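**Student:** Here is the input, now give the coordinates:
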Amino acid sequence: MSTGAARATPAQRRLAGEAARTKVPLADHGHWRPARDRPDPVALLEEQAKTRLPQLVPLRYGRMATSPFDFYRGAALPMAADLAATPRSEIVTQLCGDAHLSNFGLFASPERAQVFDITDFDETLRGPFEWDLKRLAASLILAGRSRAFSEHDGRHAVQRTVRSYRSRMAEFASMRAIDVFYSHVDATAILGAGGKHARPFLQQTLRSASHHDAIHELPKLTAVDAHGRRRIVDRPPVITHPTLTRLRIDDALAGYRETLEEDRRVLLDRYELVDQALKVVGIGSVGLAAFAALLMGVDDDDPLFLQVKEAEASILERFLPASAQPSHGARVVVGQRRLQAASDIFLGWAVGDQGRHLYVRQLQDQKGGAVIAAMTPEDLEVWGELCGWALARGHARSGDPAVIAGYIGDDATLDGVLADFAVAYADQTEKDHAALLAAIASGRVTASAS
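**Tutor:** Next comes the predicted model:
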């Protein structure tokens, strides 16, 4: 239980946030200029590649080369290095660590309601709250540019997103802690967030997510072989069956089971592991060991897909205090539970063969994300507002909303400041993307298409 300073009144905590603003003014967060000794972003990516599956590294570079926005999705480490050189508020909360707009979306809560929240936690760590907000802001500018939106549209999307974060944080600062914990962004709130022009986009996203579950994925990912056994279908290089997969998954799931609550262990025991395959996911995660595990109940219409994914040290740990968790799988799971309103019932962790740190969750459970290629400027603004709302709720749950609210203030200063930062950093990302293309053209790195 909290004691001492943690029992300060909301007004006192808000004053603490205001005092922090005098040390690091909001305006300090609006500037971006690369330092003379800024690390080479391609070199940082090459450094990461040393711990990735070598056969998949070219695929990662190929995906990042597609556009500046896709480069940004995979370049969490270069941006973390850049953020570490900027002024810090020193107001700490649990960070997503990679809060770009494609790492927010829909999924089913344990009560089977669709909720909107952060969906990726590979880099989660305690750190200054504004790092997440800056990464989200720059992603909106890059997404808008990928759709050829005007700079005005991009800046407006950022300002609405930051305003959403700021106004929601003020609400959370005035709420009881337990009410903040129970708050969530559900389907009704999602539809209510958009005007009439954005509502069709949101409705389509909700419908699409509702169809992404194990039953719908079964015919897409599997087939019955000549022996009458259901197996995951290879689709190289994205889905393959490497050697020794069985041993790795069996060992991992045995240890993982013990990290679940007792009732969920009972549920897991009703399923039998029948197949597993290496399944490439995302952009930043390409090259990490990530397996799709197919488990079946008594009947063929009772499948369970689990994702068993490798967890390395958070890229933020190079610049912030290291996690206190016993493994990086545990770090991811604990961070997810702190930030999300409702987490997957099968979320857990394990240490696999060769000391590999892993975490486990359902592969598909009514998940749905932003289809940027289909967005209008208003769609981008509404999606950004939802992201700002979810991020504020996660930060309020895991940090002190009154201190954050006191720091960011009641007016629109932060909205414009972070729009300035986002535009400047998007410009930097375009240069970094060009550097990757040059490295590919020169043969320094090898890229392949997915």
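
**Student:** Quickly note the distance from Ile249 to Lys23.
**Tutor:** 50 Å (Cβ to Cβ, to the nearest Å). In this view, the C-beta of every residue, glycine as well, is placed from N, C-alpha and C.

**Student:** The residue nearest the centre of the chain in helix, strand or coil?
**Tutor:** Centroid check for the chain by Cα atoms, centre = their mean gives Asp120 as the closest residue, at 2.7 Å. Look at Asp120: counting by DSSP: H, G, I helix; E, B strand; the rest coil, its state is coil.

**Student:** And for Asp117?
**Tutor:** Assignment for Asp117 (three-state DSSP): strand.

**Student:** what residues are up against it?
**Tutor:** Each residue near Asp117 by Cβ atoms under 8 Å, 6 or more residues apart in numbering is listed here: Phe104, Gly105, Phe107, His184, Val185, Leu339, Gln340, Ala341, Ala342, Ala390, Arg393, Gly394.

**Student:** switch to 7 Å and redo it
**Tutor:** The contact partners of Asp117, taken as Cβ atoms under 7 Å, 6 or more residues apart in numbering, are Phe104, Val185, Gln340, Ala341, Ala390.

**Student:** So of those residues, which two are at opposite extremes in space?
**Tutor:** For those, the farthest-apart pair by Cβ to Cβ is Phe104 and Ala341; their separation is 12.5 Å.

**Student:** So between those two, which is more surrounded?
**Tutor:** Phe104 (26 against 19; other Cβ atoms under 10 Å).

**Student:** Give me the nearest residue to the more buried one, chain neighbours excluded.
**Tutor:** Spatial nearest neighbour of Phe104, excluding adjacent residues (Cβ to Cβ, 6 or more residues apart in numbering): Cys387 at 4.5 Å.

**Student:** Tell me, how many residues neighbour that neighbour?
**Tutor:** 30.

**Student:** Now for the chain: which helix has the highest residue count?
**Tutor:** Longest helix in the chain by number of residues (criterion: DSSP state H): helix 413-442.

**Student:** quick one: buried residues of it?
**Tutor:** Using 16 or more other Cβ atoms under 10 Å as the test for burial, helix 413-442 gives 413-430, 432-433, 435-437, 439-440.

**Student:** centre of the chain versus it, how much separation?
**Tutor:** Centre-to-centre, helix 413-442 and its host chain are 19 Å apart (Cα atoms, centre = their mean, to the nearest Å).

**Student:** which strands and helices sit next to it?
**Tutor:** The contact analysis (3 or more Cβ pairs under 7 Å, 6 or more residues apart in numbering; DSSP states H and E) places helix 413-442 against helix 41-49, helix 57-64, helix 68-74, helix 130-146, helix 151-173.

**Student:** Out of those helices, which is the most enclosed?
**Tutor:** Among these, helix 130-146 has the highest mean neighbour count (mean count of other Cβ atoms under 10 Å), at a mean of 27.

**Student:** just the CA coordinates of it, formatted as CSV?
**Tutor:** The C-alpha trace of helix 130-146 is given here as CSV (Å, rounded to 0.1, in the frame of the first residue of the first chain):
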residue,chain,number,x,y,z
GLU,A,130,6.3,12.1,-23.1
TRP,A,131,8.5,9.5,-25.0
ASP,A,132,5.3,7.6,-25.8
LEU,A,133,3.4,10.7,-26.8
LYS,A,134,6.2,11.9,-29.1
ARG,A,135,6.5,8.6,-30.8
LEU,A,136,2.7,8.6,-31.4
ALA,A,137,2.7,12.2,-32.7
ALA,A,138,5.4,11.6,-35.3
SER,A,139,3.7,8.5,-36.5
LEU,A,140,0.6,10.5,-37.4
ILE,A,141,2.6,12.9,-39.6
LEU,A,142,4.3,10.0,-41.4
ALA,A,143,1.0,8.2,-41.8
GLY,A,144,-0.6,11.3,-43.3
ARG,A,145,2.3,11.8,-45.7
SER,A,146,2.0,8.2,-46.8
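
**Student:** I'd like the numbering to begin with 7 instead of 1 from here.
**Tutor:** Got it, the first residue is 7 from now on, which makes the last one we talked about helix 136-152.

**Student:** what comes into contact with it?
**Tutor:** Contacts for helix 136-152 (Cβ under 7 Å, 6+ apart): 35, 73-75, 78, 85, 89, 95, 101-102, 104-107, 159-160, 163-164, 167-168, 171, 378, 386, 390, 393, 397, 424, 427-429, 431-432, 435.

**Student:** quick one: it to helix 419-448, angle?
**Tutor:** If you take axes from the mean of the first three to the mean of the last three Cα atoms, to 10 degrees, helix 136-152 sits at 60 degrees to helix 419-448.

**Student:** pLDDT on helix 136-152, on average?
**Tutor:** Per-residue pLDDT over helix 136-152 has a mean of 98.

**Student:** hang on, the earlier thing: now do the residue nearest to the centre of the chain against Phe352, distance only.
**Tutor:** From Asp126 across to Phe352, the span is 17 Å (Cβ to Cβ).

**Student:** Show me where the protein has its strands.
**Tutor:** Along the chain, the stretches classed as strands by DSSP state E are 98-101, 110-114, 120-124, 131-134, 191-192, 228-230, 236-238, 245-246, 278-285, 296-302, 309-316, 354-357, 363-368, 374-375.

**Student:** give the contact list for Leu310.
**Tutor:** For Leu310, the contact set (Cβ under 7 Å, 6+ apart) comprises Ala220, Tyr277, Leu301.

**Student:** what about 8 Å?
**Tutor:** Counted by Cβ under 8 Å, 6+ apart, Leu310 has contacts Ala220, Tyr277, Leu300, Leu301, Met302, Gly303, Phe352, Gln368.

**Student:** Can you give me the distance of it to Glu157?
**Tutor:** 46 Å.

**Student:** And for Ala376?
**Tutor:** With Cβ to Cβ as the criterion, Ala376 and Glu157 are 20 Å apart.

**Student:** If I look at the closest residue in space to Gly375 that isn't next to it in sequence, what pLDDT would I see?
**Tutor:** Closest residue in space to Gly375, ignoring its immediate chain neighbours: Gly111 at 3.8 Å, by Cβ to Cβ, 6+ apart. Here the pLDDT value assigned to Gly111 is 91.

**Student:** So for Ile255 and Lys29, which residue has more residues nearby?
**Tutor:** The residue with more neighbours, out of Ile255 and Lys29, is Ile255; 24 against 11, by other Cβ under 10 Å.

**Student:** I figured that one hits Leu279, correct?
**Tutor:** Yes - using Cβ atoms under 8 Å, Ile255 and Leu279 qualify as a contacting pair, with a distance of 6.8 Å.

**Student:** can you list residues touching both of those two?
**Tutor:** The contact lists of Ile255 and Leu279 share Ala299, where a contact means Cβ under 8 Å, 6+ apart.

**Student:** Tell me how many other residues surround Ala119.
**Tutor:** So Ala119, with other Cβ under 10 Å, has 13 neighbours.

**Student:** what do you get for Ala379?
**Tutor:** The number of residues near Ala379, taken as other Cβ under 10 Å, comes to 8.

**Student:** OK, contacts around the residue nearest to Ala143 when sequence neighbours are not counted?
**Tutor:** Spatially, and ignoring its direct neighbours in sequence, Ala143 is nearest to Ala428 (3.9 Å; Cβ to Cβ, 6+ apart). Applying Cβ under 8 Å, 6+ apart to Ala428 gives the contacts Lys140, Ala143, Ala144, Leu146, Ile147, Gly160, Arg161, Val164.
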